[in-house]
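Enquirer: Sequence plus the predicted model coming up.
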Amino acid sequence: MTTVHFTDAAGATTTINANAGDSVMETAVRNGVTAIVAECGGSLSCATCHVFVAEADLPSLEPMGEMEDEMLYGTAEDRADNSRLSCQIRLAEGQELHVTTPETQV
């Protein structure tokens, strides 16, 4: 089973069973995670799906691309070393991922 644990800025966690191959952003939007705005629908042009990935989970992710890296400089909340755009994180079969959403996306 593929699982994403979304923790909001207040510390509340929502656990969602996800589909392998979907992005973390698609999973969030489909399941009503309001902290993921996703204005551009995943086209890598808005940075409103910013998340902080748990440090222990970072090695399991594909490396960040140059465009994502640049877009993270436009986030509403300052980027951190573990910042990613959730539209660029594709989930693998059996993966368990922990992400925290920033206080604001816009």
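Expert: Received the coordinates, thanks.

Enquirer: only C-alpha atoms for contact and neighbour calcs from this point on.
Expert: Will do.

Enquirer: which residues touch the closest residue to Gly74 other than its chain neighbours?
Expert: Nearest-residue entry for Gly74: Ala47, 6.5 Å, with adjacent residues in sequence omitted and distances by C-alpha to C-alpha, 6 or more residues apart in numbering. By C-alpha atoms under 8 Å, 6 or more residues apart in numbering, Ala47 lies in contact with 38, 71-72, 74-75, 85, 105.

Enquirer: Name the SS class of Ala47, please.
Expert: Counting by DSSP: H, G, I helix; E, B strand; the rest coil, the backbone at Ala47 sits in coil.

Enquirer: What pLDDT is listed against Glu66?
Expert: pLDDT for Glu66: 97.

Enquirer: number of nearby residues for it?
Expert: If you count neighbours by other C-alpha atoms under 10 Å, Glu66 ends up with 8.

Enquirer: ok, now Ala12?
Expert: Counted with other C-alpha under 10 Å, the neighbours of Ala12 add up to 9.

Enquirer: Please renumber the chain so that the first residue is 39 from this point on.
Expert: Understood, numbering begins at 39; the last thing we discussed is Ala50.

Enquirer: Ala130 versus that one, what's the distance?
Expert: 24 Å (C-alpha to C-alpha, to the nearest Å).
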